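# This is a predicted model, with the sequence first.
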Amino acid sequence: MRREAPKAITDYAPLLFPALMLIVFFVVPFSTMIAVSFFKRQQGGFYTPDFVLDNYARFLSTFFGTVLGFSLMLAVLVAVCCVAIAFPFTYLLTKRSRKVQTLWLVGLLSVLSLSEVIIGFAWSTLFSRTAGITNLLVALGLMAEPQALLPSFGAVLTGMVYQALPYTILVLYPALVRLDPTLLEAARTLGASPVKAFFNVVTPALRNTIVATLIMVFVFALGSYLLPQILGRPRHWTLSVLITDQAIYQSNMPFAAAMAVFLVLISLALVGLTLLVGRREAAA
Amino acid sequence: MSGLSLNDITKEFGNFTAVDQVTLNVPHGTFVCLLGPSGCGKTTLLRMVAGLEEPSAGTIVLDGQDITSAPTHKRNFGMVFQSLALFPHLTVGDNIAYSLRIRGASRDEQNTRVDELLKLIHLPGFADRPVAKLSGGQRQRVAIARALALSPRLFLLDEPMSALDAKLRESMQVELRQLQQQLGITTIVVTHDQREAMTMADLVVVMGEGRIRQAAAPVEIYRRPADAFVADFIGSTNLLEVSADSAGRATVLGTAVAGLELPAQVAHASISIRPEDIHLTTPGNGAITGTVTFIRDLGGTVETFVEASGKTIVAVATPRERPNVTVGAQVGIVLPPESCVVLKK
């Protein structure tokens, strides 16, 4: 479809409302946060306007470096797990009848209605020694005695994957539904087994969708701060947990803001890098 | 026996029978067109040959070997899909080399074969182009080359020309037929376009409601249609009722047609006569009398619509033999008996 380029200033009028919303609810708060990150903290009080780099300097320590590294690693792992599970699942789902698909999608949507808190406590019960799934394994004779599976890294990962999976599936679904089924059939007539055809036709044909989904889940997981606290040990806490801690419990707004800005910059850099690599591959 | 045999193939979807007891023998090197209106089961039949659908009953035998339940990827048949199904993430060369690559052919081997095929489809030097940058006709050729890369035992095409405009379609039909003769490959094409079938096929298989109505050479299908469905589907025709009068003469629209004979014991039947076989003369002399209702002059041909006893008959003539008539004139319709085909009921 061909669209005419806007000519007069009034042609931009439809953009006015979204632009206004974006400024009021995103640009202004984010600028405030950047400003606060350079403010001076008042011990026992709030902060005074200033321009100091202390907040950023404090961040450049091994401790915060490790937490940042862990947060990024966790978010990447959640993204990879989610896409690895959701992509084949969604693909198989699109091959089912309309009715089965609707049922699954409604079920997934209902999982979205659960808050992070409920998901956290539900999994902490499931992973507990007294009422957890290990009791089932004991009853089945697969395990000698029930044991607690949390707090642990595995529990954090499971909880976060569980939380992000419905989003992943709902983002992948439209692309997979639109995928021409004859692509796969063509690969089969050319001698590829169904599994082989899935990996070298369906997956590359949807490469852009997969990259976009990975980035979405990555950003989503980066913001998670409740599940690491409920299901993990302090060393499994993410940068988001520390930001919350500084902002709410330590009343250190400038430092929290500095960490948040840093996290945003690092995530933007990673997303940019992913897109850049993707484009170079596509060009090659 | 050598070649492809379909024996009593039936395919049911729920309680709908898409293909109903189809039996067909295709000797090697034959170009077959499965022809019929949409929903007649022709595509389903082709998909069963390719292994993309499993027959509910019947067997598919290739060179004496039963392949009914062999998986698609072990059959080594080349197939061109209606959507062409070119892989969007691969270049022209990689699309064509796909089947070689998954069999582990070396890069050199792949390149040699790709160059060979690109030459065959008249697109040399296109190997590195992305598929998205091709025109409709070029995509068509690439899909054909990809299907032929492994020198398949059977070449199957599902409505391959439907995305092309009329002019391009005509030239691709000729090209595909020449390619098939050059390679001597057994080919099955599904189409609903009778011109396409007549252009390309050695054997036209007309299907209707899941059954084979007639399987014969194109000219025979046109000249000797087996029933009213085939006569009507292939080209245009005049279907007329014929009955034997008290003296045993075959009578059409109340007038006895000299020389036309009905099979023994048959009192009523239908006949098919092609518009170009009908002559228009002056009334009388044993001709059927009718009134000209419309003349369609297409330049290359002239179609004259004549109404006789409530039935409209169409006669086609070239401008040179154009009947000298005007709308409203009374004319005599002559049905040459050798051109009338008595149809099975």
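Nice, thanks for sending it over.
# which strands and helices sit next to the strand or helix carrying A:Ala79?
Secondary-structure assignment from DSSP states H and E places A:Ala79 in helix A:62-94. On a contact count with 3 or more CB pairs under 8 Å, 6 or more residues apart in numbering or on different chains; DSSP states H and E, helix A:62-94 meets helix A:98-112, helix A:153-178, helix A:207-222, helix A:239-244, helix A:253-283. To be clear about C-beta, it is placed using only N, CA and C from the backbone, and glycine gets the same treatment.
# May I see the buried residues of the first one?
Of the residues in helix A:98-112, those buried by neighbour count under the rule 16 or more other CB atoms under 10 Å in any protein chain shown are A:101, A:104, A:108.
# Please see if that helix touches chain B.
No. Helix A:98-112 lies out of reach of chain B by CB under 8 Å from any CB of the partner chain, never closer than 14.7 Å.
# Helix A:253-283 and the helix holding A:Ala79, what's the angle between them?
Angle, helix A:62-94 to helix A:253-283, by axes from the mean of the first three to the mean of the last three CA atoms, to 10 degrees: 50 degrees.
# roughly how far is helix A:62-94 from the heart of the chain?
Its chain's C-alpha centre and that of helix A:62-94 lie 7 Å apart, by CA atoms, centre = their mean, to the nearest Å.
# Stretch A:211-219 too?
Using CA atoms, centre = their mean, the offset of stretch A:211-219 from its chain centre is 6 Å.
# likewise stretch A:27-44?
26 Å.
# residues in contact with it?
Defining contact as CB atoms under 8 Å, 6 or more residues apart in numbering or on different chains, one finds that stretch A:27-44 is touched by A:47-56, A:252-255, A:257-258, A:260-261.
# Buried only: go through these for me.
Neighbour counting by 16+ other CB under 10 Å classes A:47, A:55-56, A:252-255, A:257-258, A:260-261 among these as buried.
# quick revisit: out of the buried residues of helix A:98-112, which comes closest to chain B?
A:Gln101 (18.9 Å; CB to the nearest CB).
# hang on, the earlier thing: can you list the helices and strands packed on helix A:62-94 in JSON lines and add mean pLDDT?
Below are these laid out as JSON lines (pLDDT from 0 to 100):
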{"stretch": "helix A:98-112", "mean pLDDT": "91"}
{"stretch": "helix A:153-178", "mean pLDDT": "91"}
{"stretch": "helix A:207-222", "mean pLDDT": "88"}
{"stretch": "helix A:239-244", "mean pLDDT": "86"}
{"stretch": "helix A:253-283", "mean pLDDT": "80"}
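# and of the ones you listed, who's closest to B:Leu117?
B:Leu117 sits nearest to helix A:253-283 of all these, at 25.3 Å, using CB to CB.
# May I see the buried residues of that closest one?
Neighbour counts over helix A:253-283 (16+ other CB under 10 Å) mark A:253-263, A:267, A:270-271, A:278 as buried.
# Just the closest of those residues to chain B, please.
Checking the buried residues of helix A:253-283 against chain B by CB to the nearest CB gives A:Gly278 as the nearest, at 12.2 Å.
# so what strands line up beside the helix-or-strand element of chain B with minimal mean pLDDT?
Least confident helix or strand, chain B: strand B:255-256 with a mean of 81, by mean pLDDT, DSSP states H and E. Sheet pairing here is set by DSSP bridges, and for strand B:255-256 it gives strand B:250-252 (antiparallel).
# neighbouring contacts of the partner strand?
Contacts to strand B:250-252, defined as CB under 8 Å, 6+ apart, come from residues B:240-245, B:256-257, B:260-262, B:271, B:288, B:335.
# make it 7 Å
The contact list for strand B:250-252 (CB atoms under 7 Å, 6 or more residues apart in numbering or on different chains) reads B:240, B:242-245, B:256-257, B:260-262, B:288, B:335.
# repeat for stretch B:333-345
B:224-228, B:231, B:252, B:257, B:259-260, B:262-263, B:269-274, B:277-281, B:287-288, B:290, B:306, B:308, B:313.
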